[in-house]
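Asker: Here is the input, now give the coordinates:
(one chain, ligands or ions: 1)
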Amino acid sequence: MKRNFRKNLTWLCLPMALVMLWGAPNLAQAEADAALGTPPNVAPSLNRNEPAKVVVRIETKEKKMRLADGVEYNFWTFGETVPGPFVRVRVGDTVELHLKNSIDSKNSHSIDLHAVTGQGGGAAATQTLPGGETVIEWKALNPGIFVYHCATSDIPTHIANGMYGLIYVEPEGGLPPVDHEYYVMQGDFYTKGKNGEKGLQAFSVEKANDEKPEYVVFNGSVGALTGPGALKAKVGETIRLFVGNGGPNMTSAFHVIGEIFDKVYIEGASEASRNLQTTLIPPGGAAIVELKVDTPAKYILVDHAITRAIHKGAVGILEVSGEPNDILKSIKKGGMDSGH
Ligand SMILES: [Cu+2]
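Answerer: Model prediction:
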């Protein structure tokens, strides 16, 4: 009898202890941590018909990473990647955003989300010291694809070091389903050493002010989207690319060699334009690009300001596998085989 009483007491105390440790669940409004996407992956579609309260947690970290073969750079990041995590919410949502700054950071950081209406896009309230955390709550009033970036002085330095990412505010009903969604973001980098100079490279304020980058890349490094990092699809599939530009300075002439964009939500507009070849993506801007891949090939993502692609790194590959067909045929070759 006594033993049973003790046993029952244990079972009663355990849930009480858990509530004390983690706080009582708020049954009035269910909250959920937003799933985040690690580039080149996006966060999954929400499949929600109603707005909700969502919690987004991002940590800023300063981290030495590869910029190119043999070239390292001390990146400042959201979530240890460049670009930072892909955030996905729905129009009408209330978003509680926690910005943590790693204890190991040497600098304060913050976040200005272009999806936020209000002072500094959240930057005024999120200036966060190393080891600290700030929290804002905001209403997602407008649907679309938006850039977020650090806005702590010196702002150009923080952005040039890699502090940017994309947040997608899904419209009511979302977008039509596709086979693949990918997350690509361009950025320009200003190293003291010239392009290709080996070793750990320091940031050059002079080159940034002159807007003369040594590197222009997709997803934070030369080759991030080639080789094992190439985006993949099969013939006949539909692909949606969320393409952002962190800058800080270069406007992207985004193009996929060998494909035509079936749809582009230019600068993230709500209405799509059809059958485009190249779309301009300004620093601090983004577009949604959709294409159906009709024939197998290694399609090449570029900034069509082509020096940046060929000599500064702005190249990615969309590798499409499948049976060859007669959409493009070689009839007679010219004895040279170096075209793209
Ligand atoms: Cu920062």
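Asker: Quick one: name the residues of this protein near the ion.
Answerer: 109, 150, 152, 158, 163 (Cβ under 5 Å from the ion). All C-beta atoms are positioned from the backbone trio N, CA, C, and that covers glycine.
Asker: Spatially, which two of these are the most separated?
Answerer: Within the residues of the chain next to the ion, two members stand farthest from each other by Cβ to Cβ: T152 and M163, at 8.6 Å.
Asker: neighbour-wise, which of those two wins?
Answerer: The neighbour comparison of T152 against M163 (other Cβ atoms under 10 Å) goes to M163, with 30 against 21.
Asker: Could I get the full set of helices for the stretch 51-200 of the chain?
Answerer: Counting by DSSP state H, counting those that start in this stretch, the stretch 51-200 of the chain has helices at residues 155-160.
Asker: Pass me the low-pLDDT residue ranges in it, would you?
Answerer: Within the stretch 51-200 of the chain, no range satisfies pLDDT under 70.
Asker: So which residues of it form strands?
Answerer: For the stretch 51-200 of the chain, the strands defined by DSSP state E, counting those that start in this stretch cover 53-68, 71-78, 87-90, 94-101, 112-113, 133-139, 144-149, 164-170, 180-189, 199-201.
Asker: got a markdown table for those, with mean neighbour count too?
Answerer: Below are the strands of the stretch 51-200 of the chain laid out as a markdown table (neighbours: other Cβ atoms under 10 Å):
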| stretch | mean neighbour count |
| --- | --- |
| strand 53-68 | 19 |
| strand 71-78 | 21 |
| strand 87-90 | 25 |
| strand 94-101 | 21 |
| strand 112-113 | 25 |
| strand 133-139 | 16 |
| strand 144-149 | 25 |
| strand 164-170 | 27 |
| strand 180-189 | 26 |
| strand 199-201 | 14 |
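Asker: Mind listing the residues bridging to the residue lying closest to V135 once chain neighbours are set aside?
Answerer: Closest residue in space to V135, ignoring its immediate chain neighbours: H98 at 5.1 Å, by Cβ to Cβ, 6 or more residues apart in numbering. Note on H98: beta-bridge partners R57, V135, judged by DSSP bridges.
Asker: try V243
Answerer: With DSSP bridges as the rule, V243 is bridged to V184, A287.
Asker: and it, what is it in contact with?
Answerer: By Cβ atoms under 8 Å, 6 or more residues apart in numbering, the residues touching V243 are 184-186, 252, 254, 279, 281, 286-289.
Asker: Nearest to the ion among those residues?
Answerer: Of all the contacts of V243, the ion sits closest to M185, with 16.2 Å by Cβ to the ion.
Asker: Go ahead and confirm that closest one touches L166.
Answerer: Yes - counting by Cβ atoms under 8 Å, L166 is a contact partner of M185 at 6.4 Å.
Asker: Between the two, which contacts overlap?
Answerer: Listed contacts common to M185 and L166 are 83, 244; contacts here mean Cβ under 8 Å, 6+ apart.
Asker: Let me know how buried R274 is, in neighbour terms.
Answerer: R274 is flanked by 10 other residues according to other Cβ under 10 Å.
Asker: Please name the nearest non-neighbouring residue to it.
Answerer: Leaving aside its chain neighbours, R274 sits nearest to K263 (5.7 Å; criterion: Cβ to Cβ, 6+ apart).
Asker: after whatever helix or strand that neighbour lives in comes which helix or strand?
Answerer: For K263, the host element (DSSP states H and E) is strand 261-265. For strand 261-265, the following helix or strand on the C-terminal side (DSSP H and E) is strand 273-276.
Asker: Quick check: neighbours of the following helix or strand past that next one in the sheet, parallel or antiparallel?
Answerer: Using DSSP H and E, the next helix or strand after strand 273-276 towards the C-terminus is strand 278-281. Strand pairing for strand 278-281, determined by DSSP bridges: strand 252-257 (antiparallel).
Asker: Would you mark the buried spots in the partner strand?
Answerer: Within strand 252-257, the residues scored as buried using 16 or more other Cβ atoms under 10 Å are 252-257.
Asker: so can I have CSV of these showing pLDDT?
Answerer: Output for the buried residues of strand 252-257, formatted as CSV (pLDDT from 0 to 100):
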residue, pLDDT
S252, 98
A253, 98
F254, 98
H255, 98
V256, 98
I257, 98
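Asker: Run a quick neighbour tally on the closest residue to G37 other than its chain neighbours.
Answerer: Spatial nearest neighbour of G37, excluding adjacent residues (Cβ to Cβ, 6+ apart): F86 at 3.3 Å. Using other Cβ under 10 Å, F86 has 27 other residues around it.
Asker: This completes my enquiry, with thanks.
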